[in-house]
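S.K.: Build me a structure from this.
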Amino acid sequence: MSCNKTYLPAEFFVVGISYKNTDAATRGQFSISYKQYEAILQLAPSYGMDEMFVLSTCNRTEIYGFTKNVSSLLELFHSQSSGDFELLSQMAYIKNGMDAIMHLHQAGCGLDSQILGDYEIISQLKQAVNFSRDHKFMGTFLERLVSSVFQSSKKIKTCTALSSGSVSVSFSAARYIKEKTNFTDKSKILVLGAGKIGRNTCKNLLGYFAPGNITVINRSIEKAISLANELNINYTSEEFLNAEINASDVIVVATNSVAPVILKSHLVHQGRKIIIDLSIPCNVEAGVNDLPNVTVIHVDQISQLKDDNLKKRAAEIPKAKKIIEEQVKEFMQWHEMRRQVPVLKSIKTKLKEIHQFRSFDASIKDNSFNPASVETKIQEVINSIAVKMLTSKCKGCYYIEAINQFIMADAS
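M.R.: Got it, this is the predicted structure:
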C-alpha cells in the first residue's frame, strides 16, 4: 500500500461515536476488535482509502483517514460492526480539516475522555497507530500528525496536572470495589484479561487487597503468568474459569472479546457477586442482570465516580488546550512547508544552473570559488524564501526574488 500522496487537511476526516451520546451497549455494537480492524484495512482501498487508522476503546470508536467522500468512510466503519447503519448515521459525529486535527489531539491527550485526563488513552492510540503502520496504512501526514499528538501528551503530562493523581478506568474500578461494596481486604477478586486495562486494574487493586487474594485469567496463559510473577498475584488458565468464578466475591472483566465471556450459567445458584465489566462490547451476558445475588457494574457507571483529583484536573484544561494549540500550529507550519517543497526544489535547481554558467557577472568568472561556500549561499537563499512563503499572504512567484538574492550573495 502506497501512502506517499500529498493530502490537504480538508481531506482529513474522523467518523466516530463516543460516551457523550451513546451508552456502553450501543458503543459495543460499533466497537472494533483487531480482527475487524484488519478486515477494515483490507477493505479500505475499495473505498478509496490508503491512509487511516482505527481507535476503539471503552469510551469511543473512531476511524481517522483521508477521503473525498465521507459517506465511504461511514460505510467502511459500518462494514465490520454489528450495529444498524441508520443508527450509526444518526449517532456518529463527523469532523474534518482543523476540527478533526484538534479532535485527535484532545482525544489523545485525555481532554475528551470519560474520565478527564485518563492517561490510558495514549497507549491505546499508540497500539492503534502501530497496527495501521504494520499494515502500511500510515503515510507521512498521519505519522507527523500522531507525532504531534504524542508530543502534546508528553508536554501536558510534564507541564500540567491534567493527569495528576490516580484517576483512570482501572483505578476507578479498584476504588469502586473498596468504597462502594461491603467486601473486605480478604475478599477474593478475579480479573479476566491481562491486557493494558486488566494489568492496570490488578496494580490498582494491590492498593486495597492482598496479592494472594487476586487471581488473573487470560486467554494467553503466558501473559497471565508474566503479570502474576510481576505483581506476585495468582494466575490460572481458562479451563478453571467456573471454579474461580465460584470462589470469587468480585469479578472484573477487562477482556477484548466480541462475545460474552461471563455467562448466566456461570452464576446460577451462586452466592453474592459483584461483576465489573470494563469491556466494550460488554463481555457479561445480558441475562446475568436477572440473577438476584449478582450486581453488574458497567464502565459508564465506573467512570461517573468523582473525586478531588478530577477537580484539580479540570483547572488544568486551559493550560492543556494552549499546549495543544501550539503543537497544532507547528504541525500546520510543517504541512505548509511540505506543500512548498516542489517549488523550493525547483528554485534550488535553477540557482545551481545559474551558478554553473556564471555568465551574468564577469567579475566572478574565476576559478577561486569554493563549492561548499556556493552550496551554503544557495541554501541560505532557499531558507529565506521558505520563511517568506510560510509567513507571506502573497501567492506570487518567488523565482525572481530568489535569483536576485543569489546574484547579490554570489557576487559578494
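
S.K.: Could you list the low-pLDDT ranges of the stretch 151-300 of the chain?
M.R.: Judged by pLDDT under 70, the stretch 151-300 of the chain has its weakly predicted residues at 166.

S.K.: which residues of it fall in strands?
M.R.: Using DSSP state E, counting those that start in this stretch, the strands found in the stretch 151-300 of the chain span residues 189-192, 214-217, 234-236, 250-253, 273-277, 294-298.

S.K.: how about stretch 232-243 as PDB, C-alpha atoms only?
M.R.: Only the C-alpha atoms of stretch 232-243 are listed here, as PDB (Å, rounded to 0.1, in the frame of the first residue of the first chain):
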ATOM      1  CA  ASN A 232       3.000 -11.600  43.000                       C
ATOM      2  CA  ILE A 233      -0.600 -12.400  42.400                       C
ATOM      3  CA  ASN A 234      -2.300 -15.700  41.500                       C
ATOM      4  CA  TYR A 235      -3.000 -16.900  38.000                       C
ATOM      5  CA  THR A 236      -4.800 -19.800  36.400                       C
ATOM      6  CA  SER A 237      -6.000 -21.000  33.000                       C
ATOM      7  CA  GLU A 238      -9.300 -20.600  31.300                       C
ATOM      8  CA  GLU A 239     -10.200 -24.200  31.900                       C
ATOM      9  CA  PHE A 240     -10.600 -23.300  35.600                       C
ATOM     10  CA  LEU A 241     -12.900 -20.300  35.000                       C
ATOM     11  CA  ASN A 242     -16.000 -21.900  36.500                       C
ATOM     12  CA  ALA A 243     -14.100 -22.800  39.700                       C
END
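
S.K.: what does it contact?
M.R.: Applying Cβ atoms under 8 Å, 6 or more residues apart in numbering, the external contacts of stretch 232-243 come out as 202, 206, 211-212, 214-219, 221, 224-225, 227-228, 244, 266. Yep, even glycine has a C-beta here, placed from its N, CA and C like the rest.

S.K.: picking up where we left off before, CSV for the strands of the stretch 151-300 of the chain, including distance to residue 311 and mean neighbour count?
M.R.: What follows is those, written out as CSV (distance: least, Cβ to Cβ, whole Å; neighbours: other Cβ atoms under 10 Å):
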stretch, distance to residue 311, mean neighbour count
strand 189-192, 29, 28
strand 214-217, 30, 25
strand 234-236, 37, 19
strand 250-253, 26, 26
strand 273-277, 24, 25
strand 294-298, 23, 20
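
S.K.: Show the contacting residues for the most centrally placed residue in the chain.
M.R.: For the chain, the residue nearest the mean C-alpha position is residue 125 (2.4 Å; Cα atoms, centre = their mean). The contact partners of residue 125, by Cβ under 8 Å, 6+ apart, come to 55, 107-108, 146, 149.

S.K.: Just the ones in helices from the residues you listed, please.
M.R.: Applying DSSP state H to the contacts of residue 125, the entries found in helices are 107-108, 146, 149.

S.K.: follow-up on the earlier one: quick one: buried ones out of the contacts of stretch 232-243?
M.R.: For these, a burial check counting by 16 or more other Cβ atoms under 10 Å picks out 202, 214-219, 224-225, 227-228, 244, 266.

S.K.: returning to what we had before: redo the contacts of residue 125 as a markdown table? Include neighbour count, pLDDT and distance to residue 292.
M.R.: A markdown table is the format used below for these (neighbours: other Cβ atoms under 10 Å; pLDDT from 0 to 100; distance: Cβ to Cβ, whole Å):
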| residue | neighbour count | pLDDT | distance to residue 292 |
| --- | --- | --- | --- |
| 55 | 24 | 97 | 39 |
| 107 | 25 | 96 | 40 |
| 108 | 26 | 96 | 43 |
| 146 | 22 | 97 | 48 |
| 149 | 24 | 97 | 47 |
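
S.K.: Of the ones in helices among the contacts of residue 125, just say which sits nearest to residue 349.
M.R.: Of all these, residue 349 sits closest to residue 146, with 32.9 Å by Cβ to Cβ.

S.K.: I'd like the distance between the closest residue in space to that closest one that isn't next to it in sequence and residue 295.
M.R.: In this structure, residue 146 finds its nearest non-sequential neighbour in residue 129, 5.2 Å apart by Cβ to Cβ, 6 or more residues apart in numbering. Noted for residue 129: a distance of 37 Å to residue 295, by Cβ to Cβ, to the nearest Å.

S.K.: And for residue 177?
M.R.: 11 Å.

S.K.: Please enumerate the shared neighbours of these two.
M.R.: Both residue 177 and residue 295 are contacted by residue 274, under the criterion Cβ under 8 Å, 6+ apart.
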